[in-house]
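Enquirer: What shape does this take:
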Amino acid sequence: MTAQDNQEFAIRRVKDGFFLYDDNMDGARPEWVSIADNAAWFGTAEEAIAFAELTGFADDGELDNGLEVADRPWVWEEDIEPDEVDLELDREEAEGRL
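Expert: Reported below is the predicted structural model:
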């Protein structure tokens, strides 16, 4: 996945804020999950809508009534927990060596 403008996208049900998910991402067993981190996230809004079509919740690029595309900032996992290389670069930058 490559995030568009540092955002990632999922399908959200407006009435309760639940997110669309499918364990195999094949549209065969879609379900609604309450926790955003458990949702199916995509690099573009178009990919999220295509997934909704695959699961039967959209047609011809239009989401069913009561659904919307949600977005959130996309974060690299290594930015959450810096590794030794990141920490060393931070130390060098603080010392003015970079």
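Enquirer: dump the residue contacts of the residue nearest to the spatial centre of the chain.
Expert: Nearest residue to the geometric centre of the chain (C-alpha atoms, centre = their mean): residue 41, 2.8 Å. Listed by C-beta atoms under 8 Å, 6 or more residues apart in numbering, the contact set of residue 41 reads 1, 8, 9, 10, 48, 72. (Each C-beta comes from the backbone N, C-alpha and C, glycine too.)
Enquirer: just residue 30 next, same as before
Expert: Residue 30 neighbours (C-beta under 8 Å, 6+ apart): 20, 21, 22, 55, 56, 57.
Enquirer: of those residues, buried ones?
Expert: Among the contacts of residue 30, those buried by neighbour count (16 or more other C-beta atoms under 10 Å) are 20, 21, 55, 57.
Enquirer: Next step: the residues you listed restricted to helices.
Expert: residue 55 (DSSP state H).
Enquirer: and the buried ones among the contacts of residue 30 as JSON lines, adding pLDDT and distance to residue 87?
Expert: Shown next, in JSON lines, are those (pLDDT from 0 to 100; distance: C-beta to C-beta, whole Å):
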{"residue": "20", "pLDDT": "98", "distance to residue 87": "37"}
{"residue": "21", "pLDDT": "97", "distance to residue 87": "34"}
{"residue": "55", "pLDDT": "96", "distance to residue 87": "42"}
{"residue": "57", "pLDDT": "97", "distance to residue 87": "44"}
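Enquirer: Farthest-apart pair in the buried ones among the contacts of residue 30, please.
Expert: Greatest spacing in these, by C-beta to C-beta: 21 and 57 (11.7 Å).
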